[in-house]
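> When you get a sec, could you give me coordinates for this:
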Amino acid sequence: MAESVRRILGKPGSVSLQPYTKLLKSIEEREEALRELGDAELTAAAAELGNAELPYDPADLAELCAVGREAARRALDERPFDAQLLGVMALLDGNVAEMATGEGKTLAGALAAAGFALRGQRVHVLSVNDYLARRDAEWMRPLYELLGVAVSWIGQESTTEERRAAYAADITYASVSELGFDVLRDRIATDVSELVVPEPNVALIDEADSVLVDEARVPLVLAGAAEAAESDAAMAELVRRLRPRTDYVVDDDGRNAHLTDAGIDAVEKALDGVDLYSAEDTTLLPRVNLALHAHALLQRDVHYVVRDGQVRLINESRGRIALLQRWPDGLQAAVEAKEHVAASETGEILDSITVQALVLRYPTRCGMTGTAMAVAEQLREFYELEVAVIPPNKPNIRVDDEDRLYATPEEKEDALLDEVAEVHAGGRPILIGTQDVAESERLAKRLGNAGLECVVLNAKNDADEADVIAEAGTYGRITVSTQMAGRGTDIRLGGSDMADRDRVVETGGLYVIGYGRYPSSRLDDQLRGRAGRQGDPGGSVFYVSVEDDLIANNAPETRGYDVSSADGAITDPTWRRTVDHAQRVAEGQLLELHRNTWRYNQLVDVQRGVVMEHRRAVLSDDQGKRQLAVDCPATYEELIEEVGEEEVARAARLITLYHLDRGWTDHNAFLADLREGIHLRFLGRRNPLDEFNRDAVPAFKGFLDEARARAAEMFTEAKVVDGRVDVDAAGVRRPSTTWTYMVQEHPFSTDFESVVGKLKNIGGRTGD
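Numbers count the residues shown, from 1 in each chain. Model (predicted):
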């Protein structure tokens, strides 16, 4: 009844576990009989489950879980808990299973993947990075082999043939980005033999909230004709000499920067008296603004690091180097000029796909994470996914203290260091979660100066991630880490020395300290969840300052508080509510950004679908040859007679694909320019999204007809050389190289703020 009411009201909630719980007894009753089977007989029992289609009926579902439990016991020496089997059943029903850290999500996901594969479904287990994809595939391989299904994985270093072989397996583990890049590369294939990714069936997503929510808006990009971008070192040097608060001002929320009148005068003087706002060179003002944004808004060791002579972005939700990720080209080049590093290559965008669109390709989607309920609304709205909250195998006895609130960041940090020193004296392991590299390194330095040795895990040394995390539960260990979300390794009390576990338990278990609340309550919970795994003792507390960015940016109107002690501590309950309010505001802004990106991409995805469907027909069904036979009958017959039908089909395919791809690349560029400037129409009180659609729809009208006409024109001019149609001479040009990356959207503007920023720049000059 409750489930029906919830659905009628449209409110997200937890899927009922009652149907799954009823099966646990019958699963246990099968255990003894299955233990009597030999390995080959157990494999045969698993194969028997493949004699039907999805979804599993209750009897088969119970048998799958029983067989899977026995296979895991033999292959991995791990007998899945009832809680893990509940997770398996929730996944097989196409839900997101919320399972706490340390509850065995990897094994539950593997059993569910095997369940899908046994019923003939091709399964892609999507991970947040290559390391976890490879680790989990190899870790679970003995289980899969015993169940009679094949598993493989791909990573950044995988060759085309290795990728093709990996996708041929029943179950393929891959990072989301690598899968997306393969999909994009397939979209420019000119022969069926070049295709790598098979038709999608099932996506099983690890760290589902991180992938489906935090990265949903991130476009994965395929670029071609790459070349070195031009460095704007002169503009970077000019902006570096500007004075903050005199020549330029940064908005309170840190999302925009603009020149003052004094700044405009200083820039124009440095540029030999040019008028920025009426200059013939229309690129001049954008170059100044890009350099200013790079200088004033993007901080080294917060938003990016410089490693091996390159600017590397930091993934904000994970605290890792964001491999193959960059800002839009102009901003990327501006940051590179700021840091005096060589400009990275750039090129025209051939195609792109958001993580959300990538996942929505799969008819069946499911996932697992420790924090799904907080984003249940988004999972339902954007993916039609429900959340099943799986109870822990053992009760959680972690003690979560109230936030400790302070007036200033300095007082917060002093109090945190005092707490670390006191707790460390008793040998209790401590994990401190920071939000960026700069914080982690500053804290580490202060701890060292106080004689408190610590280990640091941040984007500068994330290669040592697994080893650092594995030892974070060691007696007396202090670990400082940026962003623990998605780290993928459990923290076991005692670390690798399990004999030391009891001593750590006596101290109270792992103590987690948050250096400020995150913009999302999920990230807070993921940090807390590192303590208290599988019924272990543990504790957590967050240290917060009313001047932290979260509060300053999202509750700036709040003023006045009573400091209750000399150390700056604030106990006023009103301020505690203010912290929660600021976090909810931040979460609301992120949700609106997600919705906004989705709205803009809806039309583009429809147009892309039309082009790709036609492209598939040309690639696989000789659609190009049939069209050209109708459009250019004389040329077609002449070429058939001269070089034969197979050669004409090849030429027709290449020419038709070229004009489809060329047209789509040009249309993509048009849409990017349109969206970049569309928000200025806000000035006329018009809805930017409506305006975008109003221009984007007619621009696409006649797309296929125009590509077809251009293909016909090129086909009639094609010449035969040495018995082949010379399509290169006719004008078919393919990128000499292609490359892939993820674009992190402009980090400091929402739609409205973009307009405000432009207004300030346009209207910032007075007295002319």
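
> going forward, measure contacts between C-alpha atoms and count neighbours the same way
OK.

> Would you point out which residue is most central in this structure?
For the chain, the residue nearest the mean C-alpha position is Glu215 (3.0 Å; CA atoms, centre = their mean).

> pretty sure that one contacts Val355?
Yes - counting by CA atoms under 8 Å, Val355 is a contact partner of Glu215 at 6.5 Å.

> how about the residue nearest to the centre of the chain, what does it touch?
Contacts for Glu215 (CA atoms under 8 Å, 6 or more residues apart in numbering) come out as Val355, Gln356.

> And it, how far from Arg428?
Separation of Glu215 from Arg428 (CA to CA, to the nearest Å) stands at 35 Å.

> do the same with Asn693
58 Å.

> Those two: which has the busier surroundings?
Using other CA atoms under 10 Å as the criterion, Asn693 and Arg428 rank with Arg428 on top: 26 against 19.

> right, and that one touches Arg503 too?
No - taking CA under 8 Å as the definition, Arg428 is not a contact partner of Arg503, at 9.1 Å.

> Quick check: neighbours shared by these two?
Counting by CA under 8 Å, 6+ apart, the shared contacts of Arg428 and Arg503 are Tyr475.

> so where do the helices sit in the stretch 651-768 of the chain?
Counting by DSSP state H, counting those that start in this stretch, the stretch 651-768 of the chain has helices at residues 688-700, 703-717, 727-730, 751-763.

> Just name the most buried of those.
Most buried of the helices of the stretch 651-768 of the chain, by mean neighbour count (mean count of other CA atoms under 10 Å): helix 703-717, with a mean of 18.

> Just the CA atoms of it, as PDB, please.
Written as PDB, here are the backbone C-alpha positions of helix 703-717 (Å, rounded to 0.1, in the frame of the first residue of the first chain):
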ATOM      1  CA  PHE A 703      20.200  18.300 -42.800                       C
ATOM      2  CA  LEU A 704      20.000  14.900 -44.400                       C
ATOM      3  CA  ASP A 705      18.800  16.300 -47.800                       C
ATOM      4  CA  GLU A 706      21.800  18.700 -47.800                       C
ATOM      5  CA  ALA A 707      24.300  15.900 -46.900                       C
ATOM      6  CA  ARG A 708      22.800  13.700 -49.700                       C
ATOM      7  CA  ALA A 709      23.000  16.500 -52.300                       C
ATOM      8  CA  ARG A 710      26.600  17.200 -51.400                       C
ATOM      9  CA  ALA A 711      27.400  13.500 -51.600                       C
ATOM     10  CA  ALA A 712      25.800  13.300 -55.100                       C
ATOM     11  CA  GLU A 713      27.800  16.300 -56.300                       C
ATOM     12  CA  MET A 714      31.100  14.800 -55.100                       C
ATOM     13  CA  PHE A 715      30.200  11.400 -56.500                       C
ATOM     14  CA  THR A 716      29.600  12.800 -60.000                       C
ATOM     15  CA  GLU A 717      33.100  14.400 -59.900                       C
END
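
> Contacts only, for Met110.
Check again: residue 110 is Ala, not Met. Met140, Tyr144.

> Tell me the strands beside the host helix or strand of Val512, with direction?
Under the criterion of DSSP states H and E, Val512 resides in strand 510-515. Sheet pairing for strand 510-515, assigned by DSSP bridges, gives strand 430-434 (parallel), strand 538-545 (parallel).

> what about the longest one, average pLDDT?
I take that to be strand 538-545. Averaging pLDDT along strand 538-545 gives 96.

> And whatever helix or strand comes next after it, how far out from the chain middle?
Going down the chain from strand 538-545, the next helix or strand is helix 549-554, by DSSP H and E. How far helix 549-554 lies from its chain's middle: 24 Å, per CA atoms, centre = their mean, to the nearest Å.

> average pLDDT across helix 549-554?
Helix 549-554 comes out at a mean pLDDT of 88.

> do stretch 668-678 as well
79.

> Which residue ranges of the stretch 101-250 of the chain form helices?
Read by DSSP H, counting those that start in this stretch, the stretch 101-250 of the chain holds these helices, from start to end of the chain: 105-118, 130-147, 160-167, 176-186, 208-209, 233-240.

> mind showing which ranges of the stretch 51-200 of the chain have poor pLDDT?
Applying pLDDT under 70 to the stretch 51-200 of the chain flags no residue at all.

> Could you export stretch 343-362 as CSV, CA atoms only?
Provided in CSV are the C-alpha atoms of stretch 343-362 (Å, rounded to 0.1, in the frame of the first residue of the first chain):
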residue,chain,number,x,y,z
ALA,A,343,49.7,24.8,-24.7
SER,A,344,47.9,21.5,-25.2
GLU,A,345,46.5,20.4,-28.5
THR,A,346,43.1,21.4,-29.7
GLY,A,347,40.9,20.7,-32.6
GLU,A,348,37.3,20.7,-33.9
ILE,A,349,34.8,18.6,-32.1
LEU,A,350,33.6,15.7,-34.2
ASP,A,351,31.0,14.5,-31.7
SER,A,352,30.3,14.4,-28.0
ILE,A,353,28.1,12.5,-25.5
THR,A,354,27.2,13.2,-21.9
VAL,A,355,27.6,10.5,-19.3
GLN,A,356,23.8,10.7,-18.8
ALA,A,357,23.1,10.0,-22.5
LEU,A,358,25.7,7.2,-22.5
VAL,A,359,24.0,5.4,-19.7
LEU,A,360,20.5,5.9,-21.2
ARG,A,361,21.6,3.9,-24.2
TYR,A,362,21.1,0.8,-22.1
